[in-house]
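*Asks:* Next come a sequence and a model predicted from it.
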Amino acid sequence: MWAVLLHPPTPMAKMGRNQPCPCGSGLKYKKCCGHFDRARSMPDVRHYLEKHAADERIRQTQQGLGRPIIAFKNEHHQVVAVGNTIHWSKKWKTFPDFLSDYIKKKIGPKWGNGEIAKPFAQRHPLMQWYELCCRYQAQTIKTPGKVHSAEITGVVACYLGAAYALYLLDHNVELQARLINRLKDPGNFQGAYYELVVASVLIRAGFVLALEDETDPALKHCEFSAVSATTGKRYWVEAKMRSVNGLLGRTAADGGPDGKPLARLVPHLNAALKKPASDERLIFIDLNAPPVVGGDGKPDWVVPAMKRLERYERLRPGNAPTAYVFVTNMAFHRALDTRPSMAAAPFGLGMPDFNRPGTIRLSEAYRQKQKHIDAYAIGQAIEAYLRFPVTFDGKLPSESLGEEPSRVVIGETYFFPDIGDNGITGTVTTATVDETNKRAIIGITDGSGHSRIVDEPMSDEAFAEYAEFRDAYFGRVIPGPMQPKDAFELLEWLMEVNKAVPRAKILEWFAGAPDFGELENLADEELRLAYCEALVAVVEAKKSGPDRGGLK
């Protein structure tokens, strides 16, 4: 452990400002400790606000942008509220423990036990996944009752992913009995499962879903609608998945051959576009293909799929509807015992300014991203699909599960026993990580006001936790990557960290520029974008060096 946290004393009852100070100094409270309390009140407020923002970022990294997990401990029971239903148990130590019991309740023990009684090959896919998960759990857990960690395999992604998707729908919208019945029906399982996956992605991305009434066969409509919490835009959602004989409950009667994964791409797209939609469309099409990666490091289907969609777009009439199309390949079920494979490629049908190849200015790329920010949020949620909450309270697993803290928090005071002969007490003012050498670099200030740098090694577990929650790990949200991988990422980081720069300051920086008159007339956001783009140009020029024609 790096350091021992020194907690502040318990607050006392309100003290009159002219009363003798309880510290025994003989001075009035307002001249003694009361003066100190006033001096530190604003920094303390700022510290707690920063800590709260960092805690919320850690929670959202685990849980996504949907409704937070509602849970608490009641004596020996862990209690979880899902929608309007309360669940509790003595044995749940982690959130996946809860999910394992939750999915059993939702599909029904009677149906589940009936499936388990069948030979393995004849069982419903969900119950095949259940048994394989139990076997994997038995291999992993060597000490019953103790929390263990294990890699997510394909079968965990399938079964736990389905359980979490059911929970998210139940907790954020509603879980209709009709959907459960479709999941239990082998002939309808694949469609219902992929709809669940898509709903889970959208909830994690911060969309509010509204389910449609599918009981009326006379009505033709999309699966559900989704409203972005970021932009307020409403979208109609369609989810299609290629059927393959022998996979996800399909047989020769309702599933095709495994070859030609793009064969159903256009037919699925046509079927989705035929559904009436009064708002913009989100269309998800899963190829259900083997996870083969090409020589360029991309899945082998990405380039031909994009070319097929581009050709489809060219042949459409000019007034045809537009749509965000997400071509996915969530191939967890094809490799149940190994690391899960998933991939997605977005395409803006009728949107030439979304995710198209070519070279454009950084500022224009930034504008395009802001215009299509909802689609980018969906892409990030797809990337995070294989992340499931571990804790009930959204805290770091190392802290929530009762282990020793693996980090220091900026603004807190600690005793560092390994510094000097007798250790040192100091308040953390800054912290970062030397990722190459797995060492924490911590800036502290001691009681005398002296500053120093503490360099501590990180355990593999602490470093892994830091890597997952990097931007909020030290109790303060640090926007953007520590080391941007390209000029656009640097531009985004600069736009974030320069949010508070006054307009006058930016114009002062541009003083003497030949186009100053044009810059002066820009709106605040556009002026900040021009400023940050210019900063990127300076950085890139310095990288090139004077010998390569760059600026000195």
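*Replies:* That came through fine. Residues are numbered from 1 along each chain as shown.

*Asks:* Off-centre distance for stretch 374-387?
*Replies:* Its chain's average C-alpha position is 7 Å from that of stretch 374-387, according to C-alpha atoms, centre = their mean, to the nearest Å.

*Asks:* Buried residues of that stretch, list them for me.
*Replies:* Asp374, Ala375, Tyr376, Ala377, Ile378, Gly379, Ala381, Ile382, Tyr385, Leu386, Arg387 (16 or more other C-beta atoms under 10 Å). Glycine gets a C-beta too; all of them are placed from N, C-alpha and C.

*Asks:* Using a markdown table, lay out those together with secondary structure, pLDDT and distance to Phe516.
*Replies:* Compiled in a markdown table, the buried residues of stretch 374-387 are given as follows (DSSP: H, G, I helix; E, B strand; the rest coil; pLDDT from 0 to 100; distance: C-beta to C-beta, whole Å):
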| residue | secondary structure | pLDDT | distance to Phe516 |
| --- | --- | --- | --- |
| Asp374 | helix | 98 | 36 |
| Ala375 | helix | 97 | 36 |
| Tyr376 | helix | 97 | 33 |
| Ala377 | helix | 97 | 36 |
| Ile378 | helix | 97 | 40 |
| Gly379 | helix | 96 | 38 |
| Ala381 | helix | 97 | 42 |
| Ile382 | helix | 96 | 43 |
| Tyr385 | coil | 95 | 48 |
| Leu386 | coil | 94 | 50 |
| Arg387 | coil | 93 | 47 |
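
*Asks:* Please identify which pair of these lies farthest apart.
*Replies:* Asp374 and Leu386 (21.7 Å; C-beta to C-beta).

*Asks:* and of the buried residues of stretch 374-387, the nearest to Leu315?
*Replies:* For the buried residues of stretch 374-387, the nearest to Leu315 is Ala375 (23.2 Å; C-beta to C-beta).

*Asks:* need the contact list for the closest one.
*Replies:* Shown in contact with Ala375 (C-beta atoms under 8 Å, 6 or more residues apart in numbering): Tyr324, Pro346, Gly348, Phe354, Asn355.

*Asks:* try 6 Å
*Replies:* Tyr324, Pro346 (C-beta atoms under 6 Å, 6 or more residues apart in numbering).

*Asks:* and the gap between it and Phe207?
*Replies:* 11 Å (C-beta to C-beta, to the nearest Å).

*Asks:* swap in Met458?
*Replies:* Distance from Met458 to Phe207, by C-beta to C-beta: 36 Å.

*Asks:* So if I had to pick from these two, which one is more boxed in?
*Replies:* For Met458 and Phe207, the more surrounded residue by other C-beta atoms under 10 Å is Phe207, and the numbers stand at 29 against 20.

*Asks:* Three-state assignment for Ile86, please.
*Replies:* Using DSSP: H, G, I helix; E, B strand; the rest coil, the structure places Ile86 in strand.

*Asks:* what's the burial count for the closest residue in space to it that isn't next to it in sequence?
*Replies:* Spatial nearest neighbour of Ile86, chain neighbours left out: Val79 (6.4 Å); criterion: C-beta to C-beta, 6 or more residues apart in numbering. For Val79, the tally of surrounding residues (other C-beta under 10 Å) stands at 16.

*Asks:* Check for me that Val79 belongs to a helix.
*Replies:* No - using three-state DSSP, the assignment for Val79 is strand, not a helix.

*Asks:* pretty sure it is in contact with Phe72, am I right?
*Replies:* Yes - with contacts counted by C-beta atoms under 6 Å, Val79 reaches Phe72, the gap being 5.5 Å.

*Asks:* Which neighbours do those two have in common?
*Replies:* Counting by C-beta under 6 Å, 6+ apart, nothing touches both Val79 and Phe72.

*Asks:* Check the gap between Ala263 and Pro257 for me.
*Replies:* On the measure of C-beta to C-beta, Ala263 and Pro257 end up 9 Å apart.

*Asks:* if you count what's nearby, which of those two comes out ahead?
*Replies:* Higher neighbour count among Ala263 and Pro257: Ala263, with 13 against 10, using other C-beta under 10 Å.

*Asks:* Checking that one next. Helix, strand or coil?
*Replies:* Secondary structure assignment for Ala263 (three-state DSSP): coil.

*Asks:* Which phi and psi values does it adopt?
*Replies:* phi -60, psi -30 (degrees, to the nearest 10).

*Asks:* for Phe224, same thing?
*Replies:* phi -170, psi 170.

*Asks:* For Val428, see how far away Glu412 is.
*Replies:* 6 Å.

*Asks:* Repeat that for Asp434.
*Replies:* For Asp434 relative to Val428 (C-beta to C-beta), the value is 16 Å.

*Asks:* Any figure for the gap between the residue nearest to Ile86 and Ile69?
*Replies:* The value you get for Val79 to Ile69, if C-beta to C-beta is used, is 11 Å.

*Asks:* more neighbours, Asp434 and Val428?
*Replies:* Neighbours per residue, other C-beta under 10 Å: of Asp434 and Val428, the larger number sits with Val428, 23 against 12.

*Asks:* Next secondary structure after the host helix or strand of the more buried one?
*Replies:* Here Val428, judged by DSSP states H and E, is contained in strand 424-434. Heading C-terminal from strand 424-434, the first helix or strand you meet, by DSSP H and E, is strand 439-446.

*Asks:* So which elements touch that next one?
*Replies:* strand 424-434, strand 451-457 (3 or more C-beta pairs under 6 Å, 6 or more residues apart in numbering; DSSP states H and E).

*Asks:* deepest of the ones you listed, which one?
*Replies:* Across the helices and strands packed on strand 439-446, averaging neighbours per residue (mean count of other C-beta atoms under 10 Å) puts strand 424-434 on top, at a mean of 18.

*Asks:* Pull up the pairing partners for that one, direction included.
*Replies:* strand 413-416 (antiparallel), strand 439-446 (antiparallel) (DSSP bridges).

*Asks:* Export the first one to CSV, keeping only CA atoms.
*Replies:* If I follow you right, that is strand 413-416. Written as CSV, here are the backbone C-alpha positions of strand 413-416 (Å, rounded to 0.1, in the frame of the first residue of the first chain):
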residue,chain,number,x,y,z
THR,A,413,-4.0,13.9,2.9
TYR,A,414,-2.0,10.8,3.5
PHE,A,415,0.9,9.4,5.5
PHE,A,416,3.6,8.1,3.3
